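Next input, structure requested:
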Amino acid sequence: MLVQEALEGSRALNRFRRMDIVVVRPVPNDRPLRMPVNFDWVERKVTPATNYSLYPGDTVEVTEDSRTIIDRMIETATEPFKSMMW
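Have a look, this model is predicted:
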């Protein structure tokens with residue numbers, strides 16, 4: 001099963017207009033691996049590069065993204081400067 005199929009099966013696509021999606025994969029003897037999923041809001045589909053295969057034990061975390069378009073524009077514009085700030 002792929003992330004897109006899991007989202008469709010859970011009806012998460014109908015519940016949230018915008019969402020943040022992360023696949024959490026357990027790793028033996030280490031912290032779980034958190035893999036962000038890119039979602040195309042126009043097409044309402046997971047981008048192919050992050051439409052991960054899901055394995056037993058994986059968890060798909062879906063949270064509502066409440067940021068406004070202005071929040072997103074500011075975040076995109078300031079992204080190159082984040083490494084200089086820290």
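
In terms of helices and strands, where is Asp20?
Element membership for Asp20, per DSSP states H and E: strand 19-25.

can you give me the helices for the chain?
3-10, 12-15, 69-78, 82-85 (DSSP state H).

Pull the residues that contact the second one.
Put plainly, it is helix 12-15. The contact list for helix 12-15 (Cβ atoms under 8 Å, 6 or more residues apart in numbering) reads 7, 19, 44, 62. C-betas here are computed from N, CA, C, even on glycine.

My read is that the first one contacts Leu54, right?
No: when contacts are counted by Cβ atoms under 8 Å, Leu7 is not listed as touching Leu54 (10.8 Å).

So for these two, which residue has more residues nearby?
Taking neighbours as other Cβ atoms under 10 Å, Leu7 and Leu54 compare with Leu7 leading, 24 against 16.

who are the neighbours in contact with Glu61?
21-24.

and the strand holding Asp20, what other elements does it pack with?
helix 3-10, strand 33-37, strand 59-64 (3 or more Cβ pairs under 8 Å, 6 or more residues apart in numbering; DSSP states H and E).

re the thing from before, nearest to Thr76 among the contacts of Glu61?
Thr76 lies nearest to Ile21 out of these, by Cβ to Cβ, at 18.4 Å.

For the closest one, which non-adjacent residue is closest in space?
Val37 (3.9 Å; Cβ to Cβ, 6 or more residues apart in numbering).

The one you found is in contact with Pro48, isn't it?
No: using Cβ under 8 Å as the test, Val37 is too far from Pro48 to be in contact (11.2 Å).

Could you check which of those two is surrounded by more residues?
More neighbours surround Val37 than the other of Val37 and Pro48, with 21 against 10 (other Cβ under 10 Å).

Show me what the most centrally placed residue in the chain is bridged to.
The centroid of the chain falls nearest to Ile21 when counting by Cα atoms, centre = their mean (2.5 Å). With DSSP bridges as the criterion, Ile21 is bridged to Val37, Val62.

give me the low-pLDDT residue ranges for this protein?
For the chain, the stretches flagged by pLDDT under 70 are 84-86.

Ala6: neighbour count?
Neighbourhood size, Ala6 [other Cβ under 10 Å]: 19.
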